[in-house]
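> Dropping a prediction and its sequence here:
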Amino acid sequence: MSLHEVLEEAIRLRDDGRPDLSLALLNQAEAEGHRDGWLTDNRARALVQLQRHEEAKRLWRDLKSSEDQALRAAAVQNLQVLALEAGMSGFHIEVQALARELSWELERIRPELIHASEFEFALLEEALLTRERGAPATTLALMEWAIAAGFQSPWLEDNRARALVAMDRVLEACGIWRVLAKTAALEEVRTAAAQMLKTLQREEQKQAAQLKEQALLEQGQEVAINQGPQAAIAHLAQGLLLFPDSSRIERDLIDLLRQLRAEQDQHWMELTPWMQDQELLVEVFEQVLLASEGQLSSG
């Protein structure tokens, strides 16, 4: 038999529930002089089905130094799966504790789940349930636990992103989907990520602008403390050039101008509140005009 025929037959025997015959065939092929990394990989897979995990680990560890990138990737992935399988009993305990902490009764994750693949699938089902029932924080906690525990499905990250959207944390969610759209091995995941990025494009831009606006306001407070109100006024006036519709920046700017006038103008308090407001609005306009002229001259 050719090497290709040996591998096909070995896989068929393993899929038919005869890993012993699969392993015997692969051992025979190796004894007859066949040398190939995929032969070793399939021997390890048969050994796993025979519950001879330590022998399988040794073979996959050797394959981690293979020149074949696909073979190296398969070896790493299968070693990760074995590590997950070894930790299953502990995973059940940890998830049950997490669910109690979140006041969530697990419905899909049951004690009879003994394999990592079925446990991971149950985690994804549980994530869908929690999100549908209005508990995105629970979804997020479950997905973050699963990723930290070593589970690899990209759908875990996708569900994590969907939970973040439900919690109005769109920027973080889009960051996750942007990575998935570029790096996920599954085409379905890449497609889903690209679609969500397209759907949330405007909301992402809106939240990004809000974040930038908040940073500018916080910087204004720091400038006021460290450099004084006049420097902070100039900073906020420049901010209004960037965010001309920002009532928050305008409010902080007016507060600083009011403070400065009260300190410098002894007649300020003699004005009626309406007159004070009118003068402050004029000063806001003047400060923004100065900032605009400054940008033009520096440009």
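Perfect, I can see it now.
> Next, the one residue sitting closest to the centre of the chain: secondary structure please.
Geometric centre of the chain, nearest residue: Ile176, 3.8 Å, by CA atoms, centre = their mean. Look at Ile176: counting by DSSP: H, G, I helix; E, B strand; the rest coil, its state is helix.
> how far away is it from Arg35?
Distance check for Ile176 against Arg35: by CB to CB, to the nearest Å, it reads 42 Å. Every C-beta, even on glycine, is put in place using the N, C-alpha and C of the backbone.
> ok, back up a step: find the nearest non-adjacent residue to the residue nearest to the centre of the chain, please.
Ala161 (4.1 Å; CB to CB, 6 or more residues apart in numbering).
> check contacts around that neighbour.
By CB atoms under 8 Å, 6 or more residues apart in numbering, Ala161 lies in contact with 172-174, 176-177, 180, 193, 196.
> And Met269, by the same measure?
Met269 is in contact with Ala262, counting by CB under 8 Å, 6+ apart.
> Ok, Gln221 next?
Here Gln221 is in contact with 232, 252 (criterion: CB under 8 Å, 6+ apart).
> any idea which element it lies in?
helix 201-227 (DSSP states H and E).
> Let me know the average pLDDT across that helix.
The average pLDDT for helix 201-227 rounds to 94.
> next one: stretch 254-270
pLDDT averaged over stretch 254-270 gives 92.
> In stretch 124-139, which of the residues would be classed as buried?
Going by neighbour count (16 or more other CB atoms under 10 Å), the buried part of stretch 124-139 is 124, 126-127, 129-131, 135-136, 138-139.
> And for stretch 50-61?
Here stretch 50-61 shows 56-57, 59-60 as buried, counting by 16+ other CB under 10 Å.
> so how far is that stretch off the chain centroid?
33 Å (CA atoms, centre = their mean, to the nearest Å).
> May I have it exported as CSV, CA atoms only?
What follows is stretch 50-61, C-alpha atoms only, in CSV (Å, rounded to 0.1, in the frame of the first residue of the first chain):
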residue,chain,number,x,y,z
LEU,A,50,-7.1,3.7,23.1
GLN,A,51,-6.7,6.0,26.2
ARG,A,52,-2.9,5.9,25.9
HIS,A,53,-2.6,9.6,26.2
GLU,A,54,1.0,9.9,27.4
GLU,A,55,2.3,8.0,24.4
ALA,A,56,0.2,10.3,22.1
LYS,A,57,1.6,13.4,23.9
ARG,A,58,5.2,12.2,23.2
LEU,A,59,4.5,11.8,19.5
TRP,A,60,2.8,15.2,19.2
ARG,A,61,5.6,16.9,21.2
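> just for the protein, where's the confidence low?
Along the chain, segments meeting pLDDT under 70 span 298-299.
> For Glu283, give me its contacts.
With CB under 8 Å, 6+ apart, Glu283 has these contacts: 257, 261.
> no wait, Glu286
Applying CB under 8 Å, 6+ apart, no residues contact Glu286.
> Now it: phi and psi?
phi -60, psi -40 (degrees, to the nearest 10).
> Dump the buried residues of stretch 124-139 to TSV, plus distance to Leu113 and secondary structure.
Listed next are those as TSV, based on distance: CB to CB, whole Å; DSSP: H, G, I helix; E, B strand; the rest coil:
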residue	distance to Leu113	secondary structure
Leu124	13	helix
Glu126	11	helix
Ala127	15	helix
Leu129	15	helix
Thr130	17	helix
Arg131	21	helix
Ala135	21	coil
Pro136	24	helix
Thr138	19	helix
Thr139	19	helix
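> Thanks a lot, catch you later.
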